[in-house]
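In: Show me how the following folds:
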Amino acid sequence: VTRQALNRRRTLARRREDYVGEWLPEPLVTSPDVAADVELAESLSIAMLTVLETLGPAERAVFVLREVFDTPYDEIAESVGKSAAAVRQIAHRAREHVAARRPRVPVSATEQQEALDRFLAAIRHGDLQGLFDVLAPDVVIVADGGGVVPAARRPVGGAQRVAGLLIRGLRSVDFEAAPVWLNGSPAIRIDAGTAFNAAVSVAVEDRRITR
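Out: A predicted model of the protein is given here:
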């Protein structure tokens, strides 16, 4: 599987396929039980998957096989077509890269759920002040429509701009918003008929949404 994934990556690079807008990992529906396994929840999180995407294909394969599956170095070496010594060096660099970019402040599922509940209430009622209260002043929203559905092509920063974007976007459609568990964390699913469906995952710090 690793070799096939690397070959596919090289094929796409040769085709010079361009992705439209920002890239985010595909949301994965999970149960609340996943959050109880802290290590598993972190490995599935949107934040961790986004960090892994910043690694090269070989580094990502080595990191996942070693750190997530605890695969021996000699087996990894055979899978990626490199020496065991080279794989050890790749694993070391990948660990440093991930450590430098992973979230600094661990947040409990309870704290994240509380912020999401406030966020959900605000968007359901079009409550602009409610959004300001739950969004950090320097909050950033990153959207991924994959070039298939409408989405902001660049990150939008600042509570005022983010709140305005959300209120304007949802005011024009009939939608339903409900809590859901994605990638081991509390999240929100927004259904707006044929207009769009969206999964919303958040990062929380000091009881406010930062991303």
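In: what's near enough to touch the residue nearest the centre of the chain?
Out: The chain has Ile46 as the residue nearest its centroid, 2.4 Å off, counting by CA atoms, centre = their mean. For Ile46, the contact set (CB atoms under 8 Å, 6 or more residues apart in numbering) comprises 24-25, 27, 182-183, 185, 201. Quick note: C-beta positions are derived from backbone N, CA and C, even for glycine.
In: please redo it, this time with the cut-off set to 6 Å
Out: 25, 183, 201 (CB atoms under 6 Å, 6 or more residues apart in numbering).
In: Run a quick neighbour tally on the nearest residue to Asp127 once chain neighbours are set aside.
Out: Spatially, and ignoring its direct neighbours in sequence, Asp127 is nearest to Ala121 (7.1 Å; CB to CB, 6 or more residues apart in numbering). A count of nearby residues for Ala121, using other CB atoms under 10 Å, gives 14.
In: helix/strand/coil for Leu6?
Out: helix (DSSP: H, G, I helix; E, B strand; the rest coil).
In: Could you report the neighbour count for it?
Out: 18.
In: From Gly81, how far out is the residue lying closest to it once chain neighbours are set aside?
Out: Of all residues not flanking Leu6 in the chain, Pro57 sits nearest, at 5.2 Å (CB to CB, 6+ apart). Separation of Pro57 from Gly81 (CB to CB, to the nearest Å) stands at 12 Å.
In: higher neighbour count, these two?
Out: Pro57 (16 against 11).
In: Can you check the pLDDT for the more buried one?
Out: pLDDT for Pro57: 88.
In: isn't it right up against Arg9?
Out: Yes. Pro57 lies in contact with Arg9 (CB atoms under 6 Å); the separation is 4.5 Å.
In: Centre of the chain to the helix or strand bottoming out on mean pLDDT in the chain, how far?
Out: Across the helices and strands of the chain, mean pLDDT, DSSP states H and E gives its lowest value to helix 38-44, namely a mean of 74. Per CA atoms, centre = their mean, to the nearest Å, the displacement of helix 38-44 from the mean C-alpha position of its chain is 13 Å.
In: same deal with stretch 169-184?
Out: That offset, for stretch 169-184, works out to 16 Å (CA atoms, centre = their mean).
In: do the same with stretch 55-74
Out: That offset, for stretch 55-74, works out to 20 Å (CA atoms, centre = their mean).
In: Just the CA atoms of that stretch, as CSV, please.
Out: Provided in CSV are the C-alpha atoms of stretch 55-74 (Å, rounded to 0.1, in the frame of the first residue of the first chain):
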residue,chain,number,x,y,z
LEU,A,55,5.9,16.3,5.1
GLY,A,56,7.2,14.8,1.8
PRO,A,57,5.6,11.5,0.7
ALA,A,58,8.5,9.3,1.9
GLU,A,59,8.7,11.2,5.2
ARG,A,60,5.0,10.9,5.8
ALA,A,61,5.1,7.1,5.0
VAL,A,62,8.0,6.6,7.4
PHE,A,63,6.4,8.7,10.2
VAL,A,64,3.0,7.0,10.0
LEU,A,65,4.5,3.4,9.8
ARG,A,66,6.9,4.1,12.7
GLU,A,67,5.0,6.4,15.0
VAL,A,68,1.4,5.1,14.5
PHE,A,69,2.0,1.4,13.7
ASP,A,70,5.4,0.9,15.4
THR,A,71,6.7,-0.9,12.3
PRO,A,72,10.3,-2.0,12.6
TYR,A,73,12.8,0.1,10.7
ASP,A,74,13.9,-2.8,8.5
